[in-house]
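S.K.: What would the 3D arrangement of this be:
(2 chains)
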Amino acid sequence: MEKTLRPILIGKAEDLPQKLGKTVTIGRKEVAVFKLENGKIRAIENRCPHKGGVLAEGIVSGEFVYCPLHDWKISVMDGRVQAPDVGCVQSYPVEVRDGQVFIFIGE
Amino acid sequence: MTKQKLVLVGNGMAGVRAIEEVLKINREKFEITIFGQEPYPNYNRIQLSTVLQGGTSVHDITLNEWKWYEDNQIRLYPGESVTAIDTENQIVYTDKGRIESYDKLILATGSNPFMLPLPGADKEGVTAFRNIKDCEKMIEYSKKYKKAAVIGGGLLGLEAARGLLNLGMEVEVIHIHHYLMERQLDQTAGKLLQTELEKQGMKFLLQKNTAEILGKKQVTGIRFKDGTKIQTDLVVMAVGIKPNVSLAIEAGIPVNRGIIVNDYLETDVPNIYAVGECAEHRGIAYGLVAPLYQQGQVLAKRLCSIGDEVYKGSVLSTQLKVSGVDVFSAGKIHEDEHTKAFKVYDDYRGVYKKVLIEDGKISGAVLFGDTKDGNRLLSLIKRESAIEEYLETDLSNGHEQSAVTAMADGELICGCNGVTKGAIVEAIRSQSLSTVDQVKGCTNASRSCGGCKSLVADLLQCTLGDQYQADQKEAICGCTDLSRDEILQEIREKGLTHIREVMNVLDWRTDGCSKCKPALNYYLGMIYPLSYKDEKEARYVNERMHANIQKDGTYSVVPRMYGGVTTADDLRKIADVADKYKVGLIKVTGGQRIDLLGVRKEDLPKMWADLDMPSGSAYAKGLRTVKTCVGENFCRFGTQDSIGMGIRLEKKFEGLNTPHKVKMAVSACPRNCAESGIKDVGVVGVDGAWEMYVGGNGGTHLRSADLLFKFKSGAALEEMIGAFLQYYRETAHYLERTSGWVERLGLDHIREVLSDPNTVKELMIRMEEALSVVQEPWKKAIQDKTLLKDLYESLKLPVETK
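M.R.: Residues are numbered from 1 along each chain as shown, chains lettered A, B, ... in the order given. Below you'll find the model as predicted:
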């Protein structure tokens, strides 16, 4: 089965809160969308690989989010769990066109 | 594949270490259950002497926090003992009536202190020195009594004696041999040690055989076999340990001195293993930490079926952990007809070194006064190196350069955990480590006895050169080298006003982390109560959302009920709200409030609006609840209006930010039904007065509160609580409970500060300032559209159909 990425419009960049996460449910998928301190927008799966914590509620520092349940540190750039813990969450490409934010989700 | 059930009996260093090794190899293979007799997580038993000697808390010597068990999905039953094993059906039974089946069972029951069966050994004031309870008992005795006697002049006895000296007691050490530590030292070193310890104030009675412990109910003295007597109020028995094998014997597992194991740590019964002090391997039951760790590694590989490593026994080394005394020994101690010795004896500086050589190979060493060479000698002994290898580097290096430079990469730095020089240097380079603590975190070096800390520091020094700063203080997190005090000073001096500015001006290495950001947010708010704008983004989720997150991402809602008092109307409202929002569970909390669990994030603001009650702050690093008993208006024992006082205090201090949560209670008589003795601030009403207790804790680190002051008037009590809390706000580290804070600063110090009426007034002025900006968080959220959208709204998008 071929996988294609489809852009999904989630709203305006200016409406997203800075240094915080936003929970975006697309069909059955739950995505955590972050607007970083530098204004960049990133999207990862809203589920910590450790115990399923909702990452959208974590503390955002630079390019990392800390899971609210047990403080795992996860890169919002590539979804990688940082040492000493290990693991990875799905990350999704994001594009901002004319102030509109699109997330690319695989079918 | 279904996981196998691995059960560990004994939550101590050896057993938990074996589990750690198992997890390193394969995290998925086992479902792990641990039973531990003591009500603590795994702690560093060999550091107990540092707890006794002061300056170290039980928390500091904890090796595996509760979170570690949780994170590794280990079921831990602390304070629960396994009482029987059914080896046939592979089941264990506990003293709490639990039944647990196993596929693999590890016995790590450790050892018991050997108590001399003397007449009078059961009197009050006779103790062993083996666990946290023993330590606490000694500390308690030191507060009431003056004289202590330690029976046993070995490693443990001397460490106990030093601790008792530190606690202000007069200490006599009774020893059966003619010199100290005769199992680890030769006579020369033993006598040097005695001289040194006598200088520190210890007294010795050598070649003395104890005959009887004197006293009625409580110890008053000791009588020796030669008829002489001494007076004492406390007797510590430190004559040795014996493996704890009773469980194994009853289960029919073959036991000699310890539980007999083969080179794979297997007992004679299938699927049952033993490690640590309870095990006997090739005729030896070890009582030191390094062999236990080596055993753990072998056992883990066996359990995970990888490799074919066997345990061949260990070369023992000893280090005495008494400040100001450096003693080390390893391998063979005493000369005989086969040995030659290399000896250096510097009487003037009190340095003694003896290296024993057999057939040109190093077989043992005793060091006194300068033990830097210890770990290196240990690894040379293990490798049976030629004496030349030691002498050449030793002589050419002189004393200026640290021993570590001369060491080969394969040599051991940390004997306890088997960490080599090469592994540490590699970790320092590849992971940019710069502190001893970081090295400990990454490699385990210096994690157990701490004896190799100076070597690790030396290694950091030679690896990093000038970049390494030796006198390290405690940085608040890995993002900075600055301590809490330095940061506060900089904020005040430079007038820094927000988190980003602090991080920029003070050269943060990162964009902050989950440790420093909430801490900075608190410190800034504490320093500038009126002008600082709280940064919600730097708050931990519960405090940002004003609700407690649950494991499934839902929240819990706890409305405020001042003093734990409610009304029929409020209960009806709560019931209606619970129905309307289909609350998953309604639970009464430990703090006498009602908890509505399983609330969806989106429903939080609507629920708060419907409830129309203030937030109960059940999530806050601030005042939680004031628990109260019924008090004089109803209770036949009550001497004060505890409910009234509780409500008054809760209304006064609600919404206050503090370094960590603050729990209060007010009881109306010393029966203490509101449990004032384990609260951060606990008030007990007595006839005509209020007693104010502080620093209590009923949580992880159980601590009973200390009486601070007694007041006749409620107003004076309220003022002092305000001053106390403000002093805590200003001097505690973020996330330090009052229990730890009171212990760190000392109750006497706090009492002295708060005994000055002017100080109290000034503290109270600053407290009132902090209270003046408190806003009811639920009401504030409901009224703020941006806040509602940013925090409580989620986006839901349908998937388009093609």
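
S.K.: Enumerate every residue touching the residue of the stretch 201-350 of chain B at minimum distance from chain A.
M.R.: The minimum distance from the stretch 201-350 of chain B to chain A, using C-beta to the nearest C-beta, falls at B:Cys304 (17.8 Å). For glycine as for every other residue, the C-beta is placed from the backbone atoms N, C-alpha and C. With contact set as C-beta atoms under 8 Å, 6 or more residues apart in numbering or on different chains, B:Cys304 has these partners: B:22, B:25-26, B:29.

S.K.: please redo it, this time with the cut-off set to 6 Å
M.R.: Taking C-beta atoms under 6 Å, 6 or more residues apart in numbering or on different chains as the criterion, B:Cys304 is in contact with B:25-26.

S.K.: Pull the contacting residues for the closest residue to chain B within chain A.
M.R.: Across chain A, the shortest distance to chain B (C-beta to the nearest C-beta) belongs to A:Gly62, at 2.9 Å. Applying C-beta under 6 Å, 6+ apart, we find A:Gly62 in contact with B:Asp511.

S.K.: what's the distance between the residue of chain B found nearest chain A and A:Pro84?
M.R.: In chain B, the residue that lies nearest chain A is B:Asp511 (2.9 Å; C-beta to the nearest C-beta). Distance, B:Asp511 to A:Pro84, using C-beta to C-beta, to the nearest Å: 20 Å.

S.K.: More neighbours: these two, which one.
M.R.: Applying other C-beta atoms under 10 Å in any protein chain shown to B:Asp511 and A:Pro84 shows that B:Asp511 carries more neighbours, namely 18 against 9.

S.K.: secondary structure class for the more buried one?
M.R.: Of the three states, B:Asp511 takes coil according to DSSP: H, G, I helix; E, B strand; the rest coil.

S.K.: What pLDDT does the model give the closest residue to it other than its chain neighbours?
M.R.: Nearest residue to B:Asp511, sequence neighbours excluded (C-beta to C-beta, 6 or more residues apart in numbering or on different chains): A:Gly62, at 2.9 Å. Looking at A:Gly62, its pLDDT is 93.

S.K.: ok, now B:Glu400?
M.R.: So B:Glu400 comes in at 43 (pLDDT).

S.K.: Low-confidence ranges, chain A, go.
M.R.: Within chain A, the ranges that satisfy pLDDT under 70 run A:1-3, A:107.

S.K.: Okay, strands next: where are they in chain A?
M.R.: Remark: strands assigned in chain A by DSSP state E are A:5-12, A:20-26, A:29-35, A:41-45, A:59-61, A:64-66, A:73-75, A:91-92, A:94-97, A:100-106.

S.K.: Now render the ones you listed as a markdown table, adding distance to B:Ile272 and mean neighbour count.
M.R.: Below are those laid out as a markdown table (distance: least, C-beta to C-beta, whole Å; neighbours: other C-beta atoms under 10 Å in any protein chain shown):
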| stretch | distance to B:Ile272 | mean neighbour count |
| --- | --- | --- |
| strand A:5-12 | 55 | 15 |
| strand A:20-26 | 49 | 22 |
| strand A:29-35 | 46 | 23 |
| strand A:41-45 | 43 | 23 |
| strand A:59-61 | 46 | 26 |
| strand A:64-66 | 42 | 25 |
| strand A:73-75 | 40 | 22 |
| strand A:91-92 | 47 | 20 |
| strand A:94-97 | 55 | 14 |
| strand A:100-106 | 50 | 18 |
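
S.K.: Many thanks, have a good one.
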